[in-house]
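J.: Just the structure for this:
(one chain, ligands or ions: 2)
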Amino acid sequence: MGESALKLTGGDDFLKEVSLLSGQKIGLCFQCQKCSSGCPVAQWADLHPSQLLRTVQFGLRDQALASSFIWLCSGCETCGARCPNGIRTAAVVDALKEMADGGAERNMRLFHRAFLDSVRRYGRIHELGMLTRYKLQSGSLFQDLDLGRHMFVKGKLKVMPHRIKGTGAVRDIFRRVQAKKHS
Ligand code: SF4
Ligand code: SF4
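T.: Ligands and ions are numbered 1, 2, ... in the order given. Next up is the predicted model:
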């Protein structure tokens with residue numbers, strides 16, 4: 001289906017929004033299914049990659065943002081390598097994660113946010129800081145305490161974060177993504 005034909009579906013605004021944020025020409029997807037047939041997590045989710053792109057093309061915002069698939073995608077990029085139109089579904093998934101809010105997958109979103117915030121601050125993950133933020137926000141502070149204690153004793157959870165040298169460059173990437181999101 002061409003991009004002009006999609007205007008007839010009424011889903012043009014959502015399609016434009018996701019296309020802009022992801023940097024992908026989602027309207028070019030003609031449902032050949034090559035992404036879905038190579039996706040390692042498609043069988044575990046409610047939607048396949050190609051079906052997710054179809055929901056975006058048709059402007060089915062609620063269905064796309066509520067899909068469990070966006071939280072299961074591993075970002076392996078097999079879909080992008082197989083797509084004859086060069087569409088990276090992983091980038092579309094990242095955009096949808098940013099747009100998703102609340103719902104049944106709220107905790108996954110909170111974890112995703114805590115993960116990205118740690119990368120933005122230090123250029124890498126500071127596990128203790130990330131987990132503390134996630135647990136405070138999700139209201140599960142005392143869950144997994146035994147596991148946390150074992151990890152701490154074994155030196156897997158460092159008290160102080162370790163910053164990489166290029167944190168400025170990493171923050172710049174986050175700034176550019178935010179600017180793109182609000183443009
Ligand atoms: S990046 Fe995500 S959608 Fe693409 S093949 Fe990998 S798991 Fe599937
Ligand atoms: S491989 Fe590309 S064109 Fe084919 S269904 Fe997937 S995203 Fe669409």
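J.: Tell me who's in contact with the most far-flung residue of the chain relative to its centre.
T.: The outermost residue of the chain relative to its centre, with distances by C-alpha atoms, centre = their mean, is residue 153 at 32.0 Å. Applying C-beta atoms under 8 Å, 6 or more residues apart in numbering to residue 153 gives no contacts. Every C-beta, even on glycine, is put in place using the N, C-alpha and C of the backbone.
J.: for residue 131, same thing?
T.: Residue 131 makes contact with 114, 148, 157 under the criterion C-beta under 8 Å, 6+ apart.
J.: Likewise for residue 33?
T.: The contact partners of residue 33, by C-beta under 8 Å, 6+ apart, come to 48, 50.
J.: Roughly how far does it sit from ligand 2?
T.: Taking C-beta to the nearest ligand atom, to the nearest Å as the measure, residue 33 falls 5 Å from ligand 2.
J.: ditto for residue 60
T.: For residue 60, the distance to ligand 2 (C-beta to the nearest ligand atom) stands at 16 Å.
J.: Ok, residue 131 next?
T.: 35 Å.
J.: Let me know the helix or strand that that residue is in.
T.: Per DSSP states H and E, residue 131 falls inside helix 127-138.
J.: Extract the CA atoms of that helix and return them as PDB.
T.: The C-alpha trace of helix 127-138 is given here as PDB (Å, rounded to 0.1, in the frame of the first residue of the first chain):
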ATOM      1  CA  GLU A 127      22.500  -1.400  38.200                       C
ATOM      2  CA  LEU A 128      21.900  -0.300  41.800                       C
ATOM      3  CA  GLY A 129      20.700   3.200  40.800                       C
ATOM      4  CA  MET A 130      18.500   1.900  38.000                       C
ATOM      5  CA  LEU A 131      16.900  -0.800  40.100                       C
ATOM      6  CA  THR A 132      16.300   1.600  43.000                       C
ATOM      7  CA  ARG A 133      14.600   4.100  40.800                       C
ATOM      8  CA  TYR A 134      12.500   1.400  39.200                       C
ATOM      9  CA  LYS A 135      11.500  -0.100  42.500                       C
ATOM     10  CA  LEU A 136      10.500   3.300  44.000                       C
ATOM     11  CA  GLN A 137       8.400   4.200  41.000                       C
ATOM     12  CA  SER A 138       6.800   0.800  40.600                       C
END
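J.: That's all I had, so thanks and see you.
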